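could you work out the structure for the sequence below:
(one chain, ligands or ions: 2)
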Amino acid sequence: MIEAKNVQSVNCSILIRSLLVLLLAVAGTAPDAAAEMKPPAGKVILTLGGKIARTNVAGTAQFDRDMLIAVGLTRLSTSNQFETGVQDYEGVLLKDLLAYVGATGTRLLAAALDGYTIEIPVEDTEKYPVLLAMNLNGKAMTVRNKGPIWVIYPIDQFPELKDERFSARSIWQLSRIDVK
Ligand SMILES: Nc1nc2c(c(=O)[nH]1)N[C@H]1C(S)=C(S)[C@@H](COP(=O)(O)O)O[C@H]1N2
Ligand SMILES: [Mo]
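Ligands and ions are numbered 1, 2, ... in the order given. Predicted structure coming up:
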């Protein structure tokens with residue numbers, strides 16, 4: 001009887017250990033902020049640098065269009081001061097991209113192809129669904145029409161965003177973000 005009990009408890013601890021090993025293996029395959037990203041295959045349209053945990057090229061996280069789309073697309077319909085009427089934007093939430101690269105800072109230094117730079121508080125991305133818009137009314141935005149990436153604030157949904165501070169953060173032709 002006693003022997004049988006011992007055998008059983010030994011079997012039980014082996015089972016628990018196997019389960020632990022299995023759990024660790026599963027955890028290892030889950031997205032890990034410290035894990036390496038694949039290098040970009042296509043034209044790089046956005047580079048993230050600074051306080052980020054996940055990088056693919058020389059300490060930065062470089063994205064081609066498909067890599068950004070893979071982070072996950074979100075739609076946002078809002079008007080803005082440039083176009084008449086409500087526009088349908090589609091792109092990646094800035095908050096999602098920051099999570100993807102494991103950003104840990106509080107300020108984002110955003111830079112555009114035309115040399116314009118502006119600071120965006122990380123807090124904005126927590127309070128509002130700030131979008132890195134890539135498509136306008138179902139079509140990819142080109143550099144000529146403020147693409148390939150335009151930071152869009154949901155000004156129709158949050159009236160307090162109709163303010164010069166936020167229009168100045170609505171940077172078009174966005175090409176780089178440094179997390180400070
Ligand atoms: N790439 C880029 N984005 C930009 C700017 C710019 O010069 N270049 N100007 C910013 C500012 S200061 C404001 S108020 C809004 C509107 O600019 P505009 O009224 O000069 O068109 O876009 C913002 N985004
Ligand atoms: Mo401005």
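
going forward, measure contacts and count neighbours with C-alpha atoms only.
Will do.

and the residue nearest to the spatial centre of the chain, what's its pLDDT?
Within the chain, the residue whose C-alpha comes closest to the C-alpha centroid is Leu97; the distance, by CA atoms, centre = their mean, is 0.6 Å. As predicted, Leu97 sits at a pLDDT of 98.

correct me if wrong, but it is in a strand.
No. Assignment of Leu97 by DSSP: H, G, I helix; E, B strand; the rest coil gives helix, placing it outside any strand.

these two touch, right, it and Val71?
Yes. When contacts are counted by CA atoms under 8 Å, Leu97 is listed as touching Val71 (6.8 Å).

pull out the buried residues from stretch 155-170.
155, 166-167, 169-170 (16 or more other CA atoms under 10 Å).

for stretch 105-122, same thing?
Result for stretch 105-122 [16+ other CA under 10 Å]: buried residues 107-113, 117, 119-122.

I'd like the residues you listed as CSV, with pLDDT, secondary structure and distance to ligand 1 appended.
As requested, the buried residues of stretch 105-122 are exported to CSV (pLDDT from 0 to 100; DSSP: H, G, I helix; E, B strand; the rest coil; distance: CA to the nearest ligand atom, whole Å):
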residue, pLDDT, secondary structure, distance to ligand 1
Arg107, 98, strand, 17
Leu108, 99, strand, 15
Leu109, 98, strand, 13
Ala110, 99, strand, 9
Ala111, 99, strand, 7
Ala112, 98, strand, 5
Leu113, 98, coil, 7
Thr117, 98, strand, 7
Glu119, 98, strand, 11
Ile120, 99, strand, 12
Pro121, 98, strand, 15
Val122, 98, helix, 17
